[in-house]
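Peer 1: Got a predicted structure plus its sequence, pasted below:
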4 protein chains.
Amino acid sequence: MSTIDSLAHAFMKFPGIGTRQAKRFVYFLLAQDPKFVENLAQEIAELKNTITQCPECFRFYPQVGMNAVCGICSADADNSMLLVVEKDTDFDSVRKSASYAGRYFILGGIIPVLDQDPESKIRIHELLKRVEQGASEGLTEIIVALSANPDGDATRDYVIKMLDPLSKKYNIKITALGRGLSTGSELEYADSDTLRNALKNRN
Amino acid sequence: MSTIDSLAHAFMKFPGIGTRQAKRFVYFLLAQDPKFVENLAQEIAELKNTITQCPECFRFYPQVGMNAVCGICSADADNSMLLVVEKDTDFDSVRKSASYAGRYFILGGIIPVLDQDPESKIRIHELLKRVEQGASEGLTEIIVALSANPDGDATRDYVIKMLDPLSKKYNIKITALGRGLSTGSELEYADSDTLRNALKNRN
Amino acid sequence: MSTIDSLAHAFMKFPGIGTRQAKRFVYFLLAQDPKFVENLAQEIAELKNTITQCPECFRFYPQVGMNAVCGICSADADNSMLLVVEKDTDFDSVRKSASYAGRYFILGGIIPVLDQDPESKIRIHELLKRVEQGASEGLTEIIVALSANPDGDATRDYVIKMLDPLSKKYNIKITALGRGLSTGSELEYADSDTLRNALKNRN
Amino acid sequence: MSTIDSLAHAFMKFPGIGTRQAKRFVYFLLAQDPKFVENLAQEIAELKNTITQCPECFRFYPQVGMNAVCGICSADADNSMLLVVEKDTDFDSVRKSASYAGRYFILGGIIPVLDQDPESKIRIHELLKRVEQGASEGLTEIIVALSANPDGDATRDYVIKMLDPLSKKYNIKITALGRGLSTGSELEYADSDTLRNALKNRN
């Protein structure tokens, strides 16, 4: 197998990339300036050295100096709320919306419906530990912010069940993202489940 | 202009139908059994005779016997709630969701953002009259159920403003459909406005 | 079943129309001016009276006066070529392209691959008769112009086989539409079959 | 700018990759095994060392031993035909179609319509040199195999014009890919230009 094929093979593992586009990536690199290709290789090689996973929220972030936790966790934020998301790109979406000022926690995965071994799929023990810590710092609400699909719902139910003892012990409210009409959706084309939620959550 | 072209021209006024599909409709009819075409013509001709607009909710419905109002308005339903929608297909969607048991009102239109003459676009006077009637029958909540887009929001704001005096006079709560993640949507791809609503309406 | 439902049911038989759009058509008609609806019903009712099928090319056309055949068949056109298409909309597409000046014949259908009874699907006997007539009027080429898909190919092969005896008897050339890159297509994304044809038919 | 952002920025230059997917690539790499990431970086770094551009056809290929030209150019193939394509992925598509057994030449670009400096966009001098060489090896046909769009046509016209003197001098035929219905296309939806070509290239 030539480097063209083996590199195309590696690109095919990238999210959303098929055979054809993987091949185009390789030809794209071959046609680029050597400087660009060298830089790319170097940045990829150094990625894991310069980016750490925050031990508190489990986001990936660029470590600077001797900081023990990421910029969000060390920043002056609202300790009373903890937002639990599946992955870093979900975190990015929430940040971009500029509608939340509390703390974050990245679950690192999702639990497929009827999965037999949920503990191995997400950072549930780390979350429980984080909530214990939060309890001593004024945590009053945990927002479970997962996708509105079957796997997201299964994960939400599992997380809420696991958090229940701590919720009672420390009197922490547990909430989930509101369901209803998403911006731009037309009533006529809304599915029955969304309409039911939009009616139930009317305000 | 031949009947082919003039009929295609009429079909082009149908919602969502372009030149090409309009033409296909005509050829489709030409290829059908004469019986089918005659029946279709007759049903269209009689449509307005057999279908009336309910004077209470303004839905189109098949008049049977001497009924003064439609089957939904004459049925035994929850008089405490009135759901205000834009059009008959929205009414159909809500019915299909089987998640609402109260009364309905069809506005008959939508008010474009910055429109100067909102009164001419929707049945606002009929709605006010309907609410007066409802007040004497136990109405306690009006749900403004419009699409989650700029025109829907402009219409909602106008309707709520116009209902305000009656709301205060009769102590009727006015609500709107809940906003948030619609069923099936992924957090990563949710727009900022939807995320903001999902966070605000968490529960 | 109300007129709303039965009319929606009829519209669902229209090409490309599903449940929801059929319903929207009915509500659209209910919201229209009575004049528009009456005209539509009348045009549909009269469609089959004003539009005839040409006994020579089998197109649907508006009969005017005592003409025995359609305007295309009676017009001064090139008698040496006969273009065989599946249906009226295909005829319309070729007319619109303004790239053919000969005679036409509408097969009235397509033969599915492996069909056991091809004679019942298309006007093959009428075509043979039309070719006999054409032979006496200078016909030298029959162009089989069908879609480039399996059913189109099966129909093309059957038509060519059936025309073979007349082709030999009268020395009439039989051709099919050229295959290759369609306008706008990129080489990179062309399927192997299209590339093979484009190479074979290079010029 | 962190490595996350600078690497995402580099991925955004990849063909067809937007902001969001570039970010997902970075998080994907962060979540991968260190071994995978190291291998990827190394393969990218070595890509230009292991892959050479063939001096005869200008394809990228993995150099093995002391071969002066690529495997296709050194293989026993039909010297009478030379297929001229824009880029390596076009070459791949033709190979995959298994419908051509001659020689290849990669132009390395396309000439936008009305471009003032065509010589700088494609390897026209290298092509002329390759044709001179081919003439002494039995070349009798050059197939210009470009996309069926305005830029492809502009490039085709320029290439044919530039090849004209050599074509006359050595009696080499110059052809282009056949135009017509591409596999799977329906007559009814074919554009006028495609129909015109399909009629002109009927066979």
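Peer 2: Right, received. Where do you want to start?
Peer 1: Enumerate every residue touching the spatially closest residue to A:Ser147 that is not a sequence neighbour.
Peer 2: Nearest residue to A:Ser147 in three dimensions, chain neighbours excluded: B:Glu186, at 4.3 Å (CB to CB, 6 or more residues apart in numbering or on different chains). C-beta coordinates here come from the backbone N, C-alpha and C atoms, glycine included. Neighbour list for B:Glu186: A:Ser147, A:Ala148, A:Asn149, A:Gly152 [criterion: CB atoms under 8 Å, 6 or more residues apart in numbering or on different chains].
Peer 1: Show me what the helix or strand harbouring A:Ala45 packs onto, helices and strands only.
Peer 2: Secondary structure assignment for A:Ala45, by DSSP states H and E: helix A:34-50. Applying 3 or more CB pairs under 8 Å, 6 or more residues apart in numbering or on different chains; DSSP states H and E, one finds that helix A:34-50 makes contact with helix D:3-11, helix D:19-31, helix D:34-50.
Peer 1: What lies in contact with the second one?
Peer 2: It refers to helix D:19-31. With CB under 8 Å, 6+ apart as the contact definition, helix D:19-31 has outside contacts at A:14-16, A:44, A:47-48, A:51, A:53, A:60, A:87-89, A:92, D:4, D:7-12, D:14, D:17, D:37, D:40.
Peer 1: one step back: return the subset of the contacts of B:Glu186 lying in strands.
Peer 2: Judged by DSSP state E, the contacts of B:Glu186 include no members of strands.
Peer 1: Which residue would you name as the spatial centre of chain A?
Peer 2: Among the residues of chain A, the one closest to the centroid is A:Lys87, at 1.6 Å (CA atoms, centre = their mean).
Peer 1: my guess is A:Ser185 meets B:Ala148, correct?
Peer 2: Yes - counting by CB atoms under 8 Å, A:Ser185 sits close enough to B:Ala148 to count as a contact (5.1 Å).
Peer 1: Who has more neighbours out of the two?
Peer 2: Taking neighbours as other CB atoms under 10 Å in any protein chain shown, A:Ser185 and B:Ala148 compare with B:Ala148 leading, 25 against 21.
Peer 1: For the residue lying closest to the more buried one once chain neighbours are set aside, name its beta-bridge partners.
Peer 2: Spatial nearest neighbour of B:Ala148, excluding adjacent residues (CB to CB, 6+ apart): A:Leu181 at 4.1 Å. Beta-bridge partners recorded for A:Leu181 (DSSP bridges): B:Arg179.
Peer 1: Pull out the buried residues from the longest strand along chain A.
Peer 2: With secondary structure taken from DSSP E, chain A has its longest strand at strand A:78-85. Buried residues in strand A:78-85, counted by 16 or more other CB atoms under 10 Å in any protein chain shown: A:Ser80, A:Met81, A:Leu82, A:Leu83, A:Val84, A:Val85.
Peer 1: Report all helices and strands that that strand contacts.
Peer 2: Applying 3+ CB pairs under 8 Å, 6+ apart, we find strand A:78-85 packed against helix A:88-97, strand A:102-106, helix A:124-135, strand A:141-144.
Peer 1: Show me how far it is from its chain's centre.
Peer 2: 14 Å (CA atoms, centre = their mean, to the nearest Å).
Peer 1: A:Thr183 and B:Ser192, how far apart?
Peer 2: Counting by CB to CB, to the nearest Å, the separation of A:Thr183 from B:Ser192 is 9 Å.
Peer 1: again but with A:Ser74, I slipped
Peer 2: Distance of A:Ser74 to B:Ser192, given as CB to CB: 25 Å.
Peer 1: So for the two, which residue has more residues nearby?
Peer 2: Neighbours per residue (other CB under 10 Å) separate A:Ser74 from B:Ser192, with B:Ser192 holding more: 15 against 12.
Peer 1: Report how many residues lie close to A:Pro112.
Peer 2: A:Pro112: 13 neighbours (other CB under 10 Å).
Peer 1: which ones are touching it?
Peer 2: A:Lys121, A:Asp151, A:Ala154.
Peer 1: Compute the distance between it and A:Val85, please.
Peer 2: Distance of A:Pro112 to A:Val85, given as CB to CB: 17 Å.
Peer 1: ok, now A:Arg202?
Peer 2: For A:Arg202, the distance to A:Val85 equals 26 Å [CB to CB].
Peer 1: who touches the longest helix anywhere in chain A?
Peer 2: Ordering each helix of chain A by length in residues (DSSP state H) puts helix A:150-170 first. Contacts with helix A:150-170, where a contact means CB under 8 Å, 6+ apart, come from A:84, A:86, A:107, A:110-115, A:118, A:122, A:124, A:127-128, A:131-132, A:135, A:139, A:142, A:144, A:146, A:172-174, A:176, B:186-187.
Peer 1: and that helix, which residues are buried?
Peer 2: Across helix A:150-170, burial judged by 16+ other CB under 10 Å covers A:151-156, A:158-160, A:162-163, A:166-167.
Peer 1: Stretch A:184-191 now?
Peer 2: Buried residues in stretch A:184-191, counted by 16+ other CB under 10 Å: A:Ser185, A:Glu186, A:Leu187, A:Glu188, A:Ala190.
Peer 1: can you check stretch A:108-117 too?
Peer 2: By 16+ other CB under 10 Å, the buried positions in stretch A:108-117 come out as A:Gly108, A:Gly109, A:Ile110, A:Ile111.
Peer 1: measure the residue nearest to A:Asp90 when sequence neighbours are not counted to A:Lys168 for me?
Peer 2: Of all residues not flanking A:Asp90 in the chain, B:Leu187 sits nearest, at 4.4 Å (CB to CB, 6+ apart). Going from B:Leu187 to A:Lys168 by CB to CB gives 27 Å.
Peer 1: quick one, what contacts A:Gly180?
Peer 2: A:Thr194, A:Asn197, A:Ala198, A:Asn201, B:Leu177, B:Gly178, B:Arg179, B:Gly180, B:Leu181, B:Ser182, B:Asn197, B:Asn201.
Peer 1: Apply 10 Å and report the result again.
Peer 2: A:190, A:194-203, B:148, B:176-183, B:194, B:197-198, B:201 (CB atoms under 10 Å, 6 or more residues apart in numbering or on different chains).
Peer 1: Next: A:Gln53.
Peer 2: The contact partners of A:Gln53, taken as CB under 10 Å, 6+ apart, are A:Arg59, A:Phe60, A:Tyr61, A:Gln63, A:Cys70, A:Asp88, A:Ile106, A:Gly108, D:Leu30, D:Ala31.
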